[in-house]
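Undergrad: Here is my input; please provide its structure:
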Amino acid sequence: MYIDITYIVLVIPAVIFSLVASARVSSTFKKYSKIASKRNLTGYDAARYVLDYNGLSNIPIERISGNLTDHYDPAANVIRLSSSVYGSNSTAAIGVAAHEAGHAIQHANGYLPIKVRSAIIPVTNFASRLSVPLIIIGFLISGTIGTHLVNIGIIGFALCAFFQLVTLPTEFNASSRALKSLESFNILDTDELKGAKKVLSAAAMTYVAALAVSLTQLLRFIILANGRRSD
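TA: Here you go, the predicted model:
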């Protein structure tokens, strides 16, 4: 899509926010990656503790390559921790690992937002690939067909934004579960918990920023579509 006043006023500030959030999570993780936990537990140890204490000893934990590529895979029912987290004894690594264990607990307990998120993944994957192309093609085609394509594209884009909206409580809840577990099981002491909380809070802001970008872009598409109808 071309750059116009709606892009400058709406989208660019959200994109800047997203870039700042991404830079902050990297710098915060790097800072607390240098602080070793007093109990000398690794990210793997922390995730294993949290899983086992919640009756999820059947869930394996695997090491994967990359940096901050950590995730819980519900389809395979496995937690995958990046090399910078799996064997690290830093407070940052422990916080991230426990966060992923929090997602596993959500799935096991049937946490509603994550059930909704999982249910709409196939549709949103499809919509994310087609929504913007449909909008662009729709603006290039005059008449009713073009208008319908734009409207379908906007609906698809709105569904993707809704997916990101549902992701927010999922991420915040996983972090909350992680911090409570780290404190309850005495994996980190009070000062160490502050560092882990800062890492998880910085990570959560990237999801807020992604939602902001999607919502402002969606609003822009709606404004442009309304302008098209007025012409």
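Undergrad: What about the closest residue in space to Ile121 that isn't next to it in sequence, how many residues nearby?
TA: Using C-beta to C-beta, 6 or more residues apart in numbering and skipping residues adjacent in sequence, the residue nearest Ile121 is Phe163, 7.5 Å away. C-beta coordinates here come from the backbone N, C-alpha and C atoms, glycine included. By other C-beta atoms under 10 Å, the residues close to Phe163 number 20.
Undergrad: how about Phe163, phi and psi?
TA: Phe163 has phi and psi values of phi -60, psi -40 when expressed as degrees, to the nearest 10.
Undergrad: and Tyr72, helix, strand or coil?
TA: State at Tyr72, reduced to three classes by DSSP: H, G, I helix; E, B strand; the rest coil: strand.
Undergrad: ok, what's across the strand from it?
TA: With DSSP bridges applied, the residues forming beta bridges to Tyr72 are Ile79.
Undergrad: show me what contacts it?
TA: Val78, Ile79, Arg80, Glu100, Ala101, His103, Ala104, His107 (C-beta atoms under 8 Å, 6 or more residues apart in numbering).
Undergrad: The fourth one contacts Ile79, correct?
TA: Yes - using C-beta atoms under 8 Å, Glu100 makes contact with Ile79 at a distance of 5.0 Å.
Undergrad: who touches both of those two?
TA: The contact sets of Glu100 and Ile79 overlap at Ala47, Asp70, His71, Tyr72 (C-beta under 8 Å, 6+ apart).
Undergrad: ok, of those residues, which come out buried?
TA: With neighbours counted using 16 or more other C-beta atoms under 10 Å, the shared contacts of Glu100 and Ile79 contain these buried positions: Ala47, Asp70, Tyr72.
Undergrad: how close does the second one get to Ala204?
TA: Shown here: Asp70 relative to Ala204, a distance of 14 Å by C-beta to C-beta, to the nearest Å.
Undergrad: coming back round to it: include distance to Leu41 and pLDDT when you put the shared contacts of Glu100 and Ile79 into a markdown table, please.
TA: Output for the shared contacts of Glu100 and Ile79, formatted as a markdown table (distance: C-beta to C-beta, whole Å; pLDDT from 0 to 100):
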| residue | distance to Leu41 | pLDDT |
| --- | --- | --- |
| Ala47 | 10 | 97 |
| Asp70 | 16 | 96 |
| His71 | 21 | 96 |
| Tyr72 | 19 | 96 |
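Undergrad: No further questions, thank you.
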